[in-house]
Structure formats: structure tokens, C-alpha cells
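**Student:** make a model of this:
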Amino acid sequence: MTMPSPPGGVRLVSPQGRWVLLTAVLGSGMAMLDSTVVNVALPRIGADLHADLGVLQWTITAYMLTLASLILLGGALGDRFGRRRVFLVGVVWFAVASLLCGLAPTPGGLIAARALQGIGGALLTPGSLALIQAVFRPDGRARAVGAWSGLGGVATAIGPFVGGWLVDGAGWRWVFFLNVPLALVCVPVALRYVPETRERAAARGGFDVAGAVLGALALAGVTYALIAAPERGLSAGVVVPGVAGLLLGAAFVAVERRRAEPMLPPELFAIRQFSAVNAVTVCVYAAFSGFFFLAVVQLQVVAGYSALAAGTALLPTTVLMLLLSARSGELGQRIGPRIPLTVGPLLCAVGMLLMTRVGAGASYVVDVLPALVVLGAGMVTLVAPLTATVLASVDVDRAGLASGINNAAARAAGLVAIAALPLLAGMGPQAYRSADAFAVAFRRAMPWCAGVLLVGAVIACVAVRTVPAVPEEQEEQEEAGAPEAVAAPEAVGAAEAAGGASAAHEGARHGAPCHPECTYHCGVGAPPLDPGDVEVGRPSGAGAPPGPGAPSGPGAEAGGPERPGP
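**Tutor:** Modelled structure (predicted):
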């Protein structure tokens, strides 16, 4: 029997509130751990399954494909049918798919299970944050989101270490089996303590199924062509899927322009600041995903690191993000986003170029650590201002949708990058089996990553406004003398304490409510809820964000952005 929600919503300090928070953290933690541990296991997966480089690419991209394509739709399903219900479906689906990944006897079976896992991730990722938004009382929501972000950061930080430990010990299959006990704890706790919530207005809307299907097929066609090209060349089996993917992409744009309630509203991209920051996001997360995909293989195959050592070696970037992101957000608030979004990619580019020094017998302190520290400094500089600027570029009612679109853009960029980078670097299907061949290809790949980051820095310098754009609707209100909404000081303080300073300050600066959950981009964020729009067992005073995509957080999945990560 589900514990009912008290009038006005659940208090964070209550026993029920702690159980609700645990549920959200366990659910999102499954996806966050998975996004970091699988990369570390790739060389062992290839050796055990006798797989070529293309299989390793599909092991990552199959998951990213379904997740990126369906994450906005997953949030809308939660609005319509109940957030707890859809979240639990996602948790169970993710756990079963993880079990299938661990039991996969062939490369094809693993890839198919990873695609199924991405569907589960698309259901549970937006749902974990939506539960917090809808269930907790308004005065405790910011603190709950801050705790959710902080604990999620811990999951991301320990992911490479746990992945390496499992790969070197029990074996790579336990990287996937790890999700099953987490789900076994999460499901009964959610059924017992989390009340059901749904948005009444969502029942009157429709689902953009056509847009989701076209988007997924377009990404699949392009991804398949890029991955197959090194082995098959410009054969019909490569050209036809690639062209079909491009045509389906054009059809996706046409459908979104004509649909009354599109998954990806075209009018948002008419806002210059929103378009510019999403373009920077695409460049940044394409480079991040490509780098972390190849770096763990470089450390193991070329430098001779164990899986545990390779996973641990990447921790400095995540540690720097956890320690300094809040201060970076404060700096971005003071000087505006243009400088951080220009300097950050340049620092990341330098860090990736420094990684070309990592070869056989490389010293961690002399060769690896300096590159990762510079890379981490660049990530700290740009990630918090990037997400805060995305939110500030649209009116507050669409902040959740804007964050969801930005998250999907980051994942799609990573998907294409992982598919394209080995082709651009001249990696053959067996390249990762030879230390010499992979080292040469890795040194070719890093300048490509740095070049994409340079493009992102140029876009930021030219197109991003020094002061984040004020949405047209808000400008009209200000011109009419409408009073500005002021963020509550206690909400700002709670967000800063949880490391969410940038989003909180941006919200206060522009007269919009705070969105601390979006600072780290580890979930798909949503604006504060309207008390009149939600059912929580019985009335709770917690509402739901408007819009079909609103409820929906390097890496990576980096991601950060899903907080970016390996």
C-alpha cells in the first residue's frame, strides 16, 4: 500500500521524504553509473566476444541512440500516465535490459540489449527528477534537488573506479549485473513511499510519436553508415543507410514544423541565445564523448593500464567538476556567459591535445594527469554557465523543455561523434587490438576533438550574448512595467549549498524562479511547479511543469549536460 502524501506535499526532513529522495537517487544513479562504467569495460568486452571496433562503438551508441531519441517522450508519458508509474516501468525495464546485457552471448545480443537499456533510461531519467519536483513541498524542493544532484555526482565520480574494479575482478558482465540489486531496492521503496502524481493538463495533449520515431531512425541511419564505412567503404550498404538517415532527418524537421504540439518546438530555435548555446553544446559534447570513448582504450591498450587503473585515472576531471562547478557558476553570473563558453572549450582542447603525449609506458603524473587537469579546468569553466544560459534564454514556463532539448542535443552529438571519430582518425575494425595502430589513430583523433571544441569557442564568442538573453515574453512584461519575480533567498542558499549556484543566480538575476537541478545537467530539469496542476494521491500543493517535454538531467554519458563524464 502506498503511503499517502500529506496536504501541501511531502517534507524533505520527514521519513517519507527521505524514502522518496532515496528512490529518485537510486533510479538516476543506475543510469549515471552505467554511463561511466561501460566505457572502462570496452577492451575486455571486445576480447571476450571476439568483437571488432564497430561492435565496441555500437555498445555505446545503441544505448545513446534510444535514450537521446526518446527522453523527451519519456517525460511526456510520465505527465500523462503518472510519474511514479512510468519511472518504475523505466527502472524495471532498465534492470531487465541490464541483465540481458550481462548474459549476452554474442555481440549482436549485447547491442540489442543496450538499445533496450536506452529505452528504460529514457523512461527513468526524466522521472527521477520529476518525482522530486511533484512530491516535495515547495519550500523543500530546492534542497531536495540539491541533495539529488550531489548524490548523483557521487555516483558519477565512483563509476569509473567501480567499473574498473569489477572488470578486473568478477568480469565485465558484472558492470551490467550491478543494476539489478539497485532496482530490487528501488522498486519496493517507490511502491511503498512515493505517491503517484500526474499533470492534469497533459491528459489533453498528444504525444509526438512520429517525431520520436523519425528522429530515432534518422540518427540510426547516419550512425550505421559512419560505423560501417571503415570496413565497407562507400558501398551501397553504407551509402543507402546514410542517405536514408539524412532524408529522415529532413522529414523530422518538416513534421516538427507542422505539428501542433511538437517534441522539438521550432520556435525555440528562433531565439538566438538558445540556438547559439545549443550549437556550443553540440560541439562540446561531441568532443567530450569522442575523447572519453577513446581515452580509456588508449590507457589500457597502449599505456598498459589495468581496467581499474584506467578508470581511476580519469577521476580528476569529475573531482574538479564536483569541487568547483558552483564557483564557476558564480563567475559566469558576474561576467556573463560569453567568456566562460569561449575559454572553457579552448582549455578542453588543450587538455585533449596534451593527451597525445600518452603512449606506451606513459607516466601518470608527467603525461596523463596534466592533460586531465587542464581538461577538467575547461569543463569546470564552461558546464555550469552553459546550462544556466540555456535556461535563461527562454521564458520560465519553458525552462524544463529547454533543458530537455539541450540534454537530448548533447546525447545526440555524442552518439554521432563516437560513430564518426574512428572513421575520421583512420581506425580499422581491428585497430584496438594493436597498441601501435591504436596509438597512431588516437593521435589523429585528438586534433579532431580539439577542432570541434575550437568551433564551439568561436560560436560562443560570436553568437552568445554577454548578458543572457531575456525572452521576448519577459521583455514585453518588463516594458509594460510588470513586477519582477524574485527568487527566494532560502532557495538560492539551498542551491548554492548543493553546488547549484549558477542556475540559482541566473534565475535570481533574470527575475525567474531558481532551477538548481539543471546546474550539472545530470537530469532533464523542469521549472518550479504550479500548485494547481497536479494530483498527488490527494491534493498536495505540488504541481507539474507545463509542456509535453517539461518533466524530463563530460559524460557521459557524459553527460551533463548529463553531467559530462567519461
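
**Student:** tally of neighbours for C449?
**Tutor:** The number of residues packed near C449 is 27, by other CB atoms under 10 Å. Backbone N, C-alpha and C define where each C-beta goes, glycine included.

**Student:** where's L77, which helix or strand?
**Tutor:** Secondary structure assignment for L77, by DSSP states H and E: helix 53-81.

**Student:** next SSE after the helix or strand harbouring L386?
**Tutor:** Assigned by DSSP H and E, L386 belongs to helix 369-392. Later in the chain than helix 369-392, the nearest helix or strand by DSSP H and E is helix 399-424.

**Student:** quick one: buried residues of that next one?
**Tutor:** Going by neighbour count (16 or more other CB atoms under 10 Å), the buried part of helix 399-424 is 399-422, 424.

**Student:** before we move on, what about stretch 267-274?
**Tutor:** 268, 271, 273-274.

**Student:** how about the residues you listed in TSV, adding distance to G336 and pLDDT?
**Tutor:** Putting these into TSV (distance: CB to CB, whole Å; pLDDT from 0 to 100) gives the following:
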residue	distance to G336	pLDDT
L268	21	83
I271	17	88
Q273	11	89
F274	16	89
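
**Student:** same list (those residues) but as CSV, adding secondary structure and distance to D79.
**Tutor:** CSV is the format used below for those (DSSP: H, G, I helix; E, B strand; the rest coil; distance: CB to CB, whole Å):
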residue, secondary structure, distance to D79
L268, helix, 19
I271, coil, 24
Q273, helix, 27
F274, helix, 22
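
**Student:** wait, which of the residues you listed is closest to A254?
**Tutor:** For the buried residues of stretch 267-274, the residue nearest A254 by CB to CB is L268; the value is 16.9 Å.

**Student:** the closest one and G404 touch, don't they?
**Tutor:** No: no contact is recorded between L268 and G404 when judged using CB atoms under 8 Å, the distance being 10.9 Å.

**Student:** hmm, I271 is touching D395, no?
**Tutor:** No: counting by CB under 8 Å, no contact exists between I271 and D395, whose distance comes to 9.6 Å.

**Student:** and the helix or strand containing V189, what does it pack against?
**Tutor:** Following DSSP H and E, the helix or strand that holds V189 is helix 179-193. Applying 3 or more CB pairs under 8 Å, 6 or more residues apart in numbering; DSSP states H and E, we find helix 179-193 packed against helix 15-49, helix 83-103.

**Student:** quick one, that helix and helix 15-49 angle?
**Tutor:** 160 degrees (axes from the mean of the first three to the mean of the last three CA atoms, to 10 degrees).

**Student:** who touches stretch 436-456?
**Tutor:** In this structure, residues lying in contact with stretch 436-456 by CB atoms under 8 Å, 6 or more residues apart in numbering are 279-280, 282-284, 286-287, 290-291, 294, 297-298, 301-302, 341, 345-346, 348-350, 352-353, 355-356, 359-360, 417, 421-422, 424-428, 430-432.

**Student:** at 6 Å instead, please
**Tutor:** Stretch 436-456 is contacted from outside by 280, 283-284, 286-287, 290-291, 294, 298, 301-302, 345, 348-349, 352-353, 355-356, 359, 421, 424-427, 431-432, using CB atoms under 6 Å, 6 or more residues apart in numbering.

**Student:** filter the residues you listed to the buried ones?
**Tutor:** So, of the contacts of stretch 436-456, 280, 283-284, 286-287, 290-291, 294, 298, 301-302, 345, 348-349, 352-353, 355-356, 421, 424-425, 427, 431-432 end up buried under the neighbour-count rule (16+ other CB under 10 Å).

**Student:** A130 touches G82, doesn't it?
**Tutor:** No: the criterion here is CB atoms under 6 Å, and A130 misses it with G82 at 10.3 Å.

**Student:** higher neighbour count, the two?
**Tutor:** More crowded of A130 and G82, by other CB under 10 Å: A130, with 32 against 19.

**Student:** gap between the more buried one and L73?
**Tutor:** 14 Å (CB to CB, to the nearest Å).

**Student:** where does pLDDT dip in the stretch 251-400 of the chain?
**Tutor:** Of all residues in the stretch 251-400 of the chain, those with pLDDT under 70 make up the ranges 396-400.

**Student:** can you map out the strands along it?
**Tutor:** When assigned using DSSP state E, counting those that start in this stretch, the stretch 251-400 of the chain turns out to have no strands.

**Student:** which residues in it form helices?
**Tutor:** 272-297, 307-313, 315-335, 338-354, 369-392, 399-424 (DSSP state H, counting those that start in this stretch).

**Student:** quick one: the ones you listed as a markdown table, columns for distance to V180 too.
**Tutor:** Converted to a markdown table, these look like this (distance: least, CB to CB, whole Å):
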| stretch | distance to V180 |
| --- | --- |
| helix 272-297 | 24 |
| helix 307-313 | 21 |
| helix 315-335 | 25 |
| helix 338-354 | 35 |
| helix 369-392 | 31 |
| helix 399-424 | 24 |
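
**Student:** for those helices, which one sits closest to V238?
**Tutor:** Of all the helices of the stretch 251-400 of the chain, the one in closest proximity to V238, counting by CB to CB, is helix 399-424 (10.3 Å).

**Student:** mind listing what's buried in the helix or strand that the closest one is followed by?
**Tutor:** If you walk from helix 399-424 toward the C-terminus, the next helix or strand you reach (DSSP H and E) is helix 435-463. Of the residues in helix 435-463, 435, 437-450, 452-457, 459-461, 463 count as buried by neighbour count, 16+ other CB under 10 Å.

**Student:** max pairwise distance over the buried residues of stretch 267-274: which two?
**Tutor:** Within those, L268 and Q273 form the most distant pair, 10.6 Å apart (CB to CB).

**Student:** re the thing from before, any chance of the helices and strands packed on helix 179-193 in TSV, with mean neighbour count and mean pLDDT too?
**Tutor:** Shown next, in TSV, are the helices and strands packed on helix 179-193 (neighbours: other CB atoms under 10 Å; pLDDT from 0 to 100):
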stretch	mean neighbour count	mean pLDDT
helix 15-49	24	85
helix 83-103	22	93
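
**Student:** select, out of those helices, the one closest to V222.
**Tutor:** For V222, the closest of the helices and strands packed on helix 179-193 is helix 15-49, at 21.6 Å, according to CB to CB.

**Student:** check the offset of that closest one from the chain's centre.
**Tutor:** 13 Å (CA atoms, centre = their mean, to the nearest Å).

**Student:** same check, this time on stretch 434-451
**Tutor:** The mean C-alpha position of stretch 434-451 is separated from the chain mean by 25 Å, CA atoms, centre = their mean.

**Student:** what about the nearest residue to V86 once chain neighbours are set aside, neighbour count?
**Tutor:** For V86, the nearest residue in space outside its immediate sequence neighbours is G78; the separation is 4.1 Å by CB to CB, 6 or more residues apart in numbering. G78 is flanked by 30 other residues according to other CB under 10 Å.
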